[in-house]
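Enquirer: sequence and computational prediction follow.
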Amino acid sequence: RSKGARAPDHLDARGDRRVASGSAGRSVGEGKMGGGADPLPRRPTAFTSATLQAGDSSDAEDEAMRSRYLPTMEVAMVTIPDAPLRPMAPGDLIGRATEMLASFDGDKVSPDAHAERCLDEWRVREASDATFIRQCFYGCVRYAKMLGAFTKTMYHARGGDILRSDRDLYTVYAYLLLLRLDELGWDQFARLLGANSEQKMLPLMKFAFDERVLDDLMRDQWLKIYDPPWVDNVLASLLSWRQEADDLVARYEDEVHLAKLGDGAREKHQSWMTTDAIEDELGGRKGPKLNGVTVPKPFKLHPPKPKPLPARYQPPKKPKPKPVPASNKPLWEIGELTAEQREVRRAEEVNAARARQKLEEANRMAFKLAAVERPTNLDEVRAEVENERMKHFLAARGEGFRARPMPSFYEEWAGVERTSTSGQ
């Protein structure tokens, strides 16, 4: 058949509508699905509905119909039209922002390139949705230090109520809560909170609107990064929503408490509310008798016992050492001598005994000079020495000594006349 002829109708992929392929439909390559993806081709149908009617034609007629249509039939590719633009649900917005933040690696890619890649991959076509996801991601990256201090302190204070795997989720909510709450408004922010379970959001709301925590813990940490006026402005803006936050926290606490008690607790709670409403409406008058209504009573909780003070630290006593055994002491400490010292002491005693013996023998014997008994020429030497001394003595007195005459050069000086210039 010709190119412009009408093709048979086919069922859609879900089976709930029919799409006609013809001049009105777009072929492969003419249109794009949301996010830039190529449209998926429809599975071609080989026969029309007329050829597949069971029981209306014989085998010969079926064979003739097949031979008639099979060689000449052209299969048209049917495309699915683009879906209408719809805004994403609050849960999808928070989930995409959390996923974008969790997959970001600042050492490998820039924030702009990472955001563009994620939005193209997810095929986000609505401009407002892309702007919201992008702004949440940019804000978490820009205020990473501030939000990191907030989440770190929250995990330290309420680590038993929240999971470590939800850190990026709490970072996104903390950014919206601290910096964009005035811009969003409480109603829109409550919708974003409702995208997750009350059990996850309750610890966040309790911690974020605890004035003591904000003043004692968060303010000191934020002042290390930002100026005091800016930090005070953030805290004042957050605490201005305290009344709405308290109401939401009370509702979340009821939901979490009833969820822990089970389905029967919710029915009982509704019966309590009905009874209270009837009594308020009757104004104290006797109303209808309600059987099986449980009256809540406060729990009798024991007051917590004060923790005992830590015991005073007592340093351990030093162990008393045992005395050194006598076998390990040196001999000089216990008054004993070594073998070498005993030999020296014995030699000293022997030498002293010998000296005493010689002294006693010398005292018993008379003193005699051995030189007196030896032969000597002392007289001759004495006489010779006296003669020599006498010769010198006589020479000194002038006897037997004549002096030499005066030299002649003294006589030549006698005729020299002195002038006035010479000395007197």
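Expert: Great, that's in hand.
Enquirer: need the longest helix for this structure.
Expert: As assigned by DSSP state H, the longest helix anywhere in the chain is helix 339-364.
Enquirer: what mean pLDDT does that one get?
Expert: The average pLDDT within helix 339-364 is 90.
Enquirer: which is the next helix or strand following that helix?
Expert: Next along the chain after helix 339-364, taking DSSP states H and E as the criterion, comes helix 370-373.
Enquirer: pull out the CA atoms of the helix or strand following that following helix and give them to me as CSV.
Expert: Heading C-terminal from helix 370-373, the first helix or strand you meet, by DSSP H and E, is helix 378-397. Output of helix 378-397 as CSV, limited to C-alpha atoms (Å, rounded to 0.1, in the frame of the first residue of the first chain):
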residue,chain,number,x,y,z
LEU,A,378,142.4,10.9,106.0
ASP,A,379,145.4,12.6,107.6
GLU,A,380,147.3,13.0,104.4
VAL,A,381,144.3,14.5,102.7
ARG,A,382,143.7,16.8,105.6
ALA,A,383,147.3,18.1,105.5
GLU,A,384,147.1,18.7,101.7
VAL,A,385,143.9,20.7,102.1
GLU,A,386,145.4,22.9,104.8
ASN,A,387,148.5,23.7,102.7
GLU,A,388,146.3,24.8,99.8
ARG,A,389,144.3,27.0,102.1
MET,A,390,147.4,28.6,103.5
LYS,A,391,148.7,29.5,100.1
HIS,A,392,145.6,31.3,99.2
PHE,A,393,145.6,33.1,102.5
LEU,A,394,149.2,34.3,102.1
ALA,A,395,148.5,35.5,98.6
ALA,A,396,145.6,37.5,99.8
ARG,A,397,147.9,39.3,102.4
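Enquirer: in helix 378-397, what counts as buried?
Expert: For helix 378-397, the neighbour count (16 or more other Cβ atoms under 10 Å) marks no residue as buried. (C-beta placed from N, C-alpha, C; glycine too.)
Enquirer: other SSEs contacting it?
Expert: Using 3 or more Cβ pairs under 8 Å, 6 or more residues apart in numbering; DSSP states H and E as the contact test, no helix or strand touches helix 378-397.
Enquirer: tell me the mean pLDDT over that helix?
Expert: 85.
Enquirer: ok, now stretch 134-153?
Expert: 94.
Enquirer: and it, how far apart are its ends?
Expert: 26 Å (Cα to Cα, to the nearest Å).
Enquirer: buried residues, it. List them.
Expert: So stretch 134-153, judged by 16+ other Cβ under 10 Å, has buried residues 134-137, 139-141, 143, 146-147, 149-151.
Enquirer: narrow those to those in helices?
Expert: Using DSSP H, the buried residues of stretch 134-153 in helices are 134, 135, 136, 137, 139, 140, 141, 146, 147, 149, 150, 151.
Enquirer: just the closest of these to residue 367, please.
Expert: Residue 367 lies nearest to residue 149 out of these, by Cβ to Cβ, at 112.8 Å.
Enquirer: coming back round to it: want to throw the buried residues of stretch 134-153 into a markdown table with distance to residue 364?
Expert: Formatted as a markdown table, these follow (distance: Cβ to Cβ, whole Å):
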| residue | distance to residue 364 |
| --- | --- |
| 134 | 132 |
| 135 | 131 |
| 136 | 128 |
| 137 | 126 |
| 139 | 125 |
| 140 | 122 |
| 141 | 121 |
| 143 | 120 |
| 146 | 117 |
| 147 | 118 |
| 149 | 112 |
| 150 | 116 |
| 151 | 115 |
